[in-house]
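Colleague: Any chance you can model this:
(4 chains)
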Protein chains: 2
Amino acid sequence: MKCSSSDIPTALRSAAIEFSHPRGSYIFRTGTPSSGVFFVTCGEVRLMRRGRQGEEIVLHHARTGEFFAEASIDSARYHCDAIAVQPTTVLKVSAHKLVRLLAEDPQFAAQWVSLLSGQLRATRMRVERLSIKSAAERVRHLLVTNGTGPRCEVQVRGSLKDLASELGLSHEALYRTLSTMQRDGQIERHGRELRLIR
Amino acid sequence: MKCSSSDIPTALRSAAIEFSHPRGSYIFRTGTPSSGVFFVTCGEVRLMRRGRQGEEIVLHHARTGEFFAEASIDSARYHCDAIAVQPTTVLKVSAHKLVRLLAEDPQFAAQWVSLLSGQLRATRMRVERLSIKSAAERVRHLLVTNGTGPRCEVQVRGSLKDLASELGLSHEALYRTLSTMQRDGQIERHGRELRLIR
DNA sequence: CGTCGCATTGATATCGCTCAAATCCGGTGG
DNA sequence: CCACCGGATTTGAGCGATATCAATGCGACG
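Modeller: Residues are numbered from 1 along each chain as shown, chains lettered A, B, ... in the order given. Have a look, this model is predicted:
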């Protein structure tokens, strides 16, 4: 089980406390006084709200390496539920510590702004990716925008099933798309590494 | 033509310069040294990149009241093109002024973090919305997450065609979906106002 | 070994996209 | 004042891509 806690500013790391949550447990609930920002070091968290008829409205999926509830410093209470979809460990940073760091440590403030800006940019790219209709074009978009080097290499995090859900596809559709693209000479696949050809 | 410049911290407003761009003109180009962050006070801007075969990859649409290139303080050059899709006026804040403000004005830093957090949250919701397969469920998700009041009212910005593209649907599909939902008593429509029933 | 989850491929159904045509509406110019 | 025009809206018909259901192989892990 791969775990990571990269991309977390060191100033925050020292202020953080680690928690473990079994699959299906609540990390926080709607209406609870907001206690801070969370980093997923391992696992997966779903942020959701319940509609009037009790239907689920998913607001966000936070996966390993991502953070969530970063807006909790702006509101006194959480306005959604956070549920561990997998066995999950999170780092929690209290809101007031974050606020104090932002106010007192300009260097940290810059880091935090950087982090938010980067996430925003990445998320916007995801939006554009998801508004592409063709499955093959989505994969291509992922490689072009997230790939490194001249060949647009991408190391798939987790399983192809995870990648499929990130791309908004059924896993079957992704499998099929990848094999056709490979057969047509559009991409190369070696293990969980994807490369663009041409 | 409605124009607004709300949501812009006053500290920024004074550091900003206004520019007007006719439809189709470039606000900046890929590779250009990054000169700052932009707010759309009127119009619409498309951020795009060219793929390896010259195909267009749209990264983001910034509309009236939104900002873009907020990550330009982290990179020396723009890595996409910004094109005015409509006649557009923007406020431009230079990166170094923004950085200085962040370092020297803790109150402004907090505002900026707030702004980024809010945009990030909204964009994440859009991601979840776009990964829903059913058109009706996308509309419902929009109403529940963006609606105000007990009835989840939403004032459509611009045309229904614009809404369709925001929802990742063809405009025909959106028209049909809205009428079926209305016929089935799921929503109400009055002009460009949408409401959820029940 | 047995089980569980991922990966893969097949068959079928369905929903939304595309093309097409008609209407409506606001604005513009004569 | 009215005719005209362009864009938005609406509805129809047919098709195609992806979801869904299903079955199988495979590897890890207890």
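Colleague: Show me the domain layout of chain A.
Modeller: A:10-129, A:133-196 (automatic domain parsing).
Colleague: What residues does the single nearest residue of chain A relative to DNA strand D make contact with?
Modeller: Here chain A gets closest to DNA strand D at one residue, residue A:173, 2.9 Å apart by CB to the nearest atom of the strand. Placement of C-beta: from N, CA and C, glycine included. Neighbouring residues of residue A:173 by CB atoms under 8 Å, 6 or more residues apart in numbering or on different chains: A:135, A:164.
Colleague: list the helices and strands the lengthiest helix in chain A packs on?
Modeller: Scanning chain A for the longest helix, with DSSP state H as the assignment, gives helix A:106-130. Packed against helix A:106-130 by the contact rule (3 or more CB pairs under 8 Å, 6 or more residues apart in numbering or on different chains; DSSP states H and E) you find helix A:10-13, helix A:95-104, helix A:135-146, strand B:56-63, helix B:95-104, helix B:106-130.
Colleague: helices or strands up against the first one?
Modeller: The contact analysis (3+ CB pairs under 8 Å, 6+ apart) places helix A:10-13 against helix A:95-104, helix A:106-130.
Colleague: Just the buried residues of the longest one, please?
Modeller: Neighbour-count burial for helix A:106-130 flags A:106, A:108-113, A:115-117, A:119-121, A:123-130 (criterion: 16 or more other CB atoms under 10 Å in any protein chain shown).
Colleague: how far is that helix from where the chain is centred?
Modeller: 12 Å (CA atoms, centre = their mean, to the nearest Å).
Colleague: quick one: is stretch A:178-194 near chain B?
Modeller: No. Against chain B, stretch A:178-194 shows no contacts by CB under 8 Å from any CB of the partner chain, the least distance being 10.7 Å.
Colleague: where in chain A is pLDDT low?
Modeller: Residues of chain A that meet the criterion pLDDT under 70 lie in A:1-7, A:51-54.
Colleague: Just the element for the residue of chain A closest to DNA strand D, please.
Modeller: Secondary structure from DSSP states H and E places residue A:173 in helix A:171-183.
Colleague: after that helix, next one along is what?
Modeller: Proceeding N to C from helix A:171-183, the next assigned helix or strand is strand A:187-190, under DSSP H and E.
Colleague: C-terminal to that next one, what's the next element?
Modeller: Using DSSP H and E, the helix or strand that follows strand A:187-190 in sequence is strand A:193-196.
Colleague: and residue A:133, that one's in a strand?
Modeller: No. Counting by DSSP: H, G, I helix; E, B strand; the rest coil, residue A:133 is not found in a strand; it is coil.
Colleague: May I see the helices and strands packed on helix A:106-130 organised as CSV, with distance to DNA strand C added?
Modeller: What follows is these, written out as CSV (distance: least, CB to the nearest atom of the strand, whole Å):
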stretch, distance to DNA strand C
helix A:10-13, 29
helix A:95-104, 33
helix A:135-146, 11
strand B:56-63, 14
helix B:95-104, 38
helix B:106-130, 10
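Colleague: Out of those, which gets nearest to residue B:14?
Modeller: Nearest to residue B:14, of all the helices and strands packed on helix A:106-130, is helix B:95-104, at 9.8 Å by CB to CB.
Colleague: Now do that closest one: which elements does it pack against?
Modeller: Secondary-structure packing of helix B:95-104 (3+ CB pairs under 8 Å, 6+ apart): helix A:106-130, helix B:10-13, strand B:36-42, helix B:106-130.
Colleague: could you give the angle of the first one to strand B:36-42?
Modeller: With axes from the mean of the first three to the mean of the last three CA atoms, to 10 degrees applied, the angle from helix A:106-130 to strand B:36-42 works out at 50 degrees.
Colleague: ok, helix A:106-130 near DNA strand D or not?
Modeller: No. Using CB under 7 Å from any atom of the strand, helix A:106-130 stays clear of DNA strand D, coming no nearer than 10.5 Å.
Colleague: quick one, what contacts the residue nearest to residue A:155 when sequence neighbours are not counted?
Modeller: Spatial nearest neighbour of residue A:155, excluding adjacent residues (CB to CB, 6 or more residues apart in numbering or on different chains): residue A:193 at 5.7 Å. Shown in contact with residue A:193 (CB under 8 Å, 6+ apart): A:153, A:154, A:155, A:156.
Colleague: beta partners of residue A:193?
Modeller: Judged by DSSP bridges, the bridge partners of residue A:193 are residue A:155, residue A:190.
Colleague: burial of the spatially closest residue to residue A:124 that is not a sequence neighbour, as a residue count?
Modeller: Distances taken as CB to CB, 6+ apart place residue B:60 nearest to residue A:124, at 4.5 Å, with adjacent residues excluded. Using other CB atoms under 10 Å in any protein chain shown, residue B:60 is surrounded by 21 other residues.
Colleague: do the same with residue A:165
Modeller: By other CB under 10 Å, neighbour count at residue A:165 equals 18.
Colleague: From the opening residue of stretch A:185-198 to its closing one, how far?
Modeller: End-to-end distance of stretch A:185-198 (CA to CA, to the nearest Å): 9 Å.
Colleague: Next, the distance between the ends of stretch A:162-179.
Modeller: 17 Å.
Colleague: buried residues in it?
Modeller: Neighbour-count burial for stretch A:162-179 flags A:162, A:163, A:164, A:165, A:166, A:167, A:168, A:169, A:174, A:177, A:178 (criterion: 16+ other CB under 10 Å).
Colleague: what about residue A:193, distance to residue B:97?
Modeller: As defined by CB to CB, to the nearest Å, residue A:193 lies at a distance of 42 Å from residue B:97.
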